[in-house]
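**Q** Take this sequence and fold it.
(3 chains)
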Amino acid sequence: MKMLKNLLVATGLGLAAIGTAVTVNAAGSSEGHADAMKHMDWSFNGPFGQYDRDAAQRGYQVYKEVCSSCHALDQLAFRHLGDKGAPFFNADFPNPNDNPLVKGFAADWDVPDVDSDDGSAMTRTGIPADNFPPIYENEIAAANANGKAPPDLSLIVKARNGGADYVYSLLLGYDHEAPAEIAESMGAGSYYNPVMEGGVIAMPPQLQDGLLDYEGENAPAATKEQMAYDVTQFLAWSADPKLEQRKRVGFGTMIYLFLLTILLYLSYRQVWKNVKH
Amino acid sequence: MSEVINDVNSTDETHGEDPSRRDFIYIATGAAAAAGAGAIVWPLITQMGPAADTLAVGSIEIDLSKVDEGQQLKVLWRGKPVFVRHRTAKEIAEAESVDLADLKDPATDDSRLRPDGEGKLNPQYLVMVGVCTHFGCIPVGEAGDFDGWYCPCHGSHYDTSGRIRKGPAPLNLVVPEYEYLSANRIKVG
Amino acid sequence: MSGPSTYVPRTGFSKWMDERLPIIRMGSDFMTYPSPRNLNYWYAFGGILTLCLITQIVTGIIIAMHYTPHIDLAFDSVQRFKRDVSFGWLIQPLHAVGASMFFLAVYIHMFRGLYYGSYKAPREMIWMIGCVIYLLMMATAFLGYTLPWGQMSFWGATVITGFFGAVPFVGESLQQWLLGGYSVSNATLQRFFSLHYLLPFLIAALVGLHVWALHHAGQNNPIGISVKTKKDTLSFHPYYTVKDGFAVGVFLLIFCFFLFYQPDALGHADNYIKADPLVTPPHIVPEWYFLPFYAILRAVENKLFGLILMVGAIAVLFFLPWLDFSKVRSMRFRPITRWFFIIFIVMCFILGWCGAETPDNMVFTVGDGLGLNFLWLSRIATAYYFAYFIIILPAMSLIETPKERPASITEAVLGHADRGAPLVPAE
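**A** As a prediction, the model looks like this:
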């Protein structure tokens, strides 16, 4: 039994080491930041977490009507919207290319292509197999139009410490008074948002109550908070589309490993039964 | 726990516990480990199959109205050229008048067309995979002894319906799986 | 304690084989290898590390089938692998989390060797080969971390290759030669990919030597008393296969917890941003397993001296068998050194903590403006790290009076070597 204890101590030490590294990495921001961060109980947290499909569908609408004027979704193709586990998955269309909703979304966008007759650059209507098109020609153009290049949103939830809480809080983080020393140094076209590293952001506040209409009988009112929540659900899915599958497979694997480890322990006890060591 | 420790290398058998219980544990452990190993192998194998983005471009839509009479459109589909030929009346007549007995791989011209939305065949548009059935070269259009296609690699001649007429190729040019979405639009694959 | 082979070929085929290529004999001797009967769970990490190496090589070969080593495509090709390739979402984190687990296991393995004196005669070669393996692991991990071409990949590579610029006289040329350009670029990415693929196979070869040397010199054990008679040993199979198997099961549970539920906890959010040579992330931090060395590097102001200290921190391990010349292997019988060892472990953790923090940040403050910042904490810990090897261990070898030790493993286990009376186990 002593050896078992040793092993537990060993794993404990290891986990503590990792834990220290992780928490230390996550630390390091200003006080205003801590106040402005909202900690939400996201549906996709936890060992059985899943995305809120209705919210993620509305979130796509928010992205399309609001965010997409500046922000791209580099890593997403339209077909991804209809994949298993995605907001618009429909069991009748296991191949997302046939999903009429997905086809419709793709057709809302013009994607760059080459004219097959004369080879010149042109745009055509999107099809599900296409990637979401870039919003700006290149990074310089993006920076030129906005002061700073708007980041890609397809991975934004993974690319920021705080994840979904960060994105949600940032969208709602404009209602704070800038401290004097920051207010002085802020130039035109920049805004105070304590969620942002450094507190200054080039993006103007985007969400206002009633900015858009959610369709459908049970659709909630399009308040700021609702839109921020919805688009965060959508972007969380976009950053980690396999989350549900991963957690499902993970649960099975953990149970299997747990049973296997018990069996191995019983075998160990059996083999060593009469051996002093 | 009172234990006999004289013979430190002794195995369990000498100590008289139930061998079936012991064997059950060993067998269960071995089987569980083997099952786990098997389950791990599966992802390692399937990852080599075509990925979702590859499968997504497995079907394409083609606008037939872009092809003028007597012209041929060459479109890349699943990494291979697809010929869309807008045939002239003369070519259609030639294709339909062939005696099936003369063919190496007998097929009527109609069997090489697909019905449109109203169930009618549209003989003007011939859609084929442009890969010679001999060794996979791409045949040249409006060439060869039968006014159809000619493969320069080993000299196979295809007629205006894409059927093999002369040369080493064993089969007609393949008609891909396709359907009419509207009068002028087809979906290949 | 390898002893003569006990394998007897029975079937016609095995006899035929045994005369030509005695590979079955080799496997059989490996499985029946007489191992000390008192090995505890700390000794399971050799087997766990073998599993880690195999996992990294297999998943790595698969990722290489889908990865594109080009600065414009690398980041996207990793995302495509995770999003579109069957099970890519599983295999990519398996490789990334696997690297952390590999280091977790290797650190435990090394601390175990330090505690039980496994580097002492006749096991110096086992220890030094192990040190080379560890160096290659660090190189491989560093090269591999560059490949996803995120912000931390790029800036980590920039900072680390920048060390070479500190080498006197040839620094700049050396750095440019290493990078294949003036900065981390496509040429760098391609050579890093090539070397990242190569090094694991060198590691595998060295692991072969490591195990060969181990089986030649015989395993050390928790009391550090060499195997004397057959009674001191047990056949590797089934005794240690099943014991290691259980340890592997527990290890995999921890591995899978991270893999399935916290795949990003051990990485950095910034690495989900594509590399941008014009924007430096606010906090550049290496992966957790490099943090102690990063702290040592930053413990001094002078770049070259920092580099020398960091290299020295690893180089000193090679001299350990001669720095610690006490005849007693296991710390169990070294009452004072044991405490120094425990402090040493604490200092390693402190170094890791310092590596993750900004040097100017305060660890604690006393009153107004006084206190300890991380720079000075890392200096204290660095000093102890070197003192432990260069001063404490040699000094203790001279002055410490070890505790009384049992005559043999069997005596330690049974109380008496030759009588069979059940006594209190020594453990």
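**Q** what's the single longest helix in chain B?
**A** helix B:19-46 (DSSP state H).
**Q** List the buried residues of the very next helix or strand once past that helix.
**A** Sequence order places helix B:52-56 as the next helix or strand after helix B:19-46, per DSSP states H and E. By neighbour count with 16 or more other Cβ atoms under 10 Å in any protein chain shown, helix B:52-56 contains the buried residues B:52, B:53, B:55, B:56. C-beta coordinates here come from the backbone N, C-alpha and C atoms, glycine included.
**Q** what's the answer for stretch B:74-84, then?
**A** Buried residues in stretch B:74-84 (16+ other Cβ under 10 Å): B:75, B:77, B:78, B:82, B:83, B:84.
**Q** Export only the CA atoms of that stretch, formatted as CSV.
**A** In CSV, the C-alpha atoms belonging to stretch B:74-84 read as follows (Å, rounded to 0.1, in the frame of the first residue of the first chain):
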residue,chain,number,x,y,z
LYS,B,74,-12.8,20.8,-69.7
VAL,B,75,-13.5,20.9,-66.0
LEU,B,76,-11.3,19.5,-63.2
TRP,B,77,-13.3,17.1,-61.1
ARG,B,78,-11.7,14.9,-58.3
GLY,B,79,-8.3,15.7,-59.9
LYS,B,80,-9.4,14.5,-63.3
PRO,B,81,-10.7,16.3,-66.4
VAL,B,82,-14.3,16.1,-67.2
PHE,B,83,-15.3,16.7,-70.9
VAL,B,84,-18.5,18.5,-71.5
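**Q** Residues touching that stretch, excluding its own?
**A** Here stretch B:74-84 makes contact (Cβ atoms under 8 Å, 6 or more residues apart in numbering or on different chains) with B:57-58, B:60, B:62, B:64, B:67, B:72-73, B:125-131, B:138, B:141, B:149, B:162, B:173, B:176, B:188-189.
**Q** remind me which residues of chain B are low pLDDT?
**A** When residues are selected by pLDDT under 70, those of chain B lie in B:1-17.
**Q** Quick check: mean pLDDT of the top helix by length along chain C?
**A** Assignment by DSSP H gives helix C:186-217 as the longest helix of chain C. The average pLDDT within helix C:186-217 is 97.
**Q** Ignoring the adjacent residues along the chain, who's closest to the residue in the stretch 251-400 of chain C that chain A sits nearest to?
**A** For the stretch 251-400 of chain C, the residue closest to chain A is residue C:260, as judged by Cβ to the nearest Cβ, at 2.5 Å. In this structure, residue C:260 finds its nearest non-sequential neighbour in residue A:250, 2.5 Å apart by Cβ to Cβ, 6 or more residues apart in numbering or on different chains.
**Q** Pull the number of nearby residues for the one you found.
**A** Neighbours of residue A:250 under the rule other Cβ atoms under 10 Å in any protein chain shown: 18.
**Q** tell me which element it is part of?
**A** Here residue A:250, judged by DSSP H and E, is contained in helix A:243-271.
**Q** packing partners for that helix?
**A** helix B:19-46, helix C:88-115, helix C:241-261 (3 or more Cβ pairs under 8 Å, 6 or more residues apart in numbering or on different chains; DSSP states H and E).
**Q** Please save the CA atoms from the last one in CSV.
**A** Written as CSV, here are the backbone C-alpha positions of helix C:241-261 (Å, rounded to 0.1, in the frame of the first residue of the first chain):
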residue,chain,number,x,y,z
THR,C,241,5.5,-6.1,-16.4
VAL,C,242,2.3,-6.2,-14.4
LYS,C,243,3.5,-3.6,-11.9
ASP,C,244,4.6,-1.2,-14.6
GLY,C,245,1.4,-2.0,-16.4
PHE,C,246,-0.6,-0.7,-13.4
ALA,C,247,1.6,2.4,-13.2
VAL,C,248,1.1,3.0,-17.0
GLY,C,249,-2.7,2.7,-16.4
VAL,C,250,-2.6,5.5,-13.8
PHE,C,251,-0.3,7.6,-16.0
LEU,C,252,-2.7,7.2,-18.9
LEU,C,253,-5.6,8.4,-16.8
ILE,C,254,-3.8,11.6,-16.1
PHE,C,255,-2.7,11.9,-19.8
CYS,C,256,-6.3,11.4,-21.0
PHE,C,257,-7.7,13.9,-18.5
PHE,C,258,-5.5,16.6,-20.2
LEU,C,259,-6.0,15.2,-23.7
PHE,C,260,-9.8,15.1,-23.6
TYR,C,261,-10.8,17.8,-21.0
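**Q** continuing past it, what's the next helix or strand?
**A** Sequence-wise, the next helix or strand downstream of helix C:241-261 (DSSP H and E) is helix C:291-298.
**Q** ok, and what's touching that following helix?
**A** Residues contacting helix C:291-298 (Cβ under 8 Å, 6+ apart): A:21, C:163, C:285-286, C:306-307, C:309-310, C:313-314, C:348, C:351-356, C:359, C:375, C:378, C:381-382, C:385.
**Q** Filter those down to the buried ones.
**A** The neighbour-count test (16+ other Cβ under 10 Å) marks A:21, C:163, C:285-286, C:306-307, C:309-310, C:313, C:348, C:351-356, C:359, C:375, C:378, C:381-382, C:385 as buried among the contacts of helix C:291-298.
**Q** Of the residues you listed, which belong to strands?
**A** Assignment to strands by DSSP state E places none of the buried ones among the contacts of helix C:291-298 there.
**Q** Same list, the helices and strands packed on helix A:243-271, but as TSV with mean neighbour count please.
**A** As requested, the helices and strands packed on helix A:243-271 are exported to TSV (neighbours: other Cβ atoms under 10 Å in any protein chain shown):
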stretch	mean neighbour count
helix B:19-46	13
helix C:88-115	22
helix C:241-261	22
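**Q** The nearest residue to residue C:179 once chain neighbours are set aside: what's it in contact with?
**A** Of all residues not flanking residue C:179 in the chain, residue C:188 sits nearest, at 4.8 Å (Cβ to Cβ, 6+ apart). By Cβ under 8 Å, 6+ apart, the contact list for residue C:188 reads C:146, C:157, C:161, C:178, C:179, C:180, C:181.
**Q** Try it again at 10 Å.
**A** For residue C:188, the contact set (Cβ atoms under 10 Å, 6 or more residues apart in numbering or on different chains) comprises C:71, C:146, C:154, C:157, C:158, C:161, C:178, C:179, C:180, C:181.
**Q** pretty sure the second one contacts residue C:189?
**A** Yes. Residue C:146 is within contact range of residue C:189, at 6.7 Å (criterion: Cβ atoms under 10 Å).
**Q** So for the two, which residues contact both of them?
**A** Jointly contacting residue C:146 and residue C:189 under the rule Cβ under 10 Å, 6+ apart are C:69, C:74, C:153, C:154, C:157, C:275.
**Q** List, out of those, those positioned next to chain B.
**A** Contacts with chain B within the shared contacts of residue C:146 and residue C:189, counted by Cβ under 10 Å from any Cβ of the partner chain: none were found.
**Q** Please identify, among these, the one with the most neighbours.
**A** Within those, residue C:154 tops the neighbour count with 29 neighbours, counted by other Cβ under 10 Å.
**Q** Leaving out chain neighbours, which residue sits closest to it?
**A** In this structure, residue C:154 finds its nearest non-sequential neighbour in residue C:275, 3.5 Å apart by Cβ to Cβ, 6+ apart.
**Q** same deal with residue C:204?
**A** Using Cβ to Cβ, 6+ apart, the nearest residue to residue C:204 is residue C:53, at 6.4 Å.
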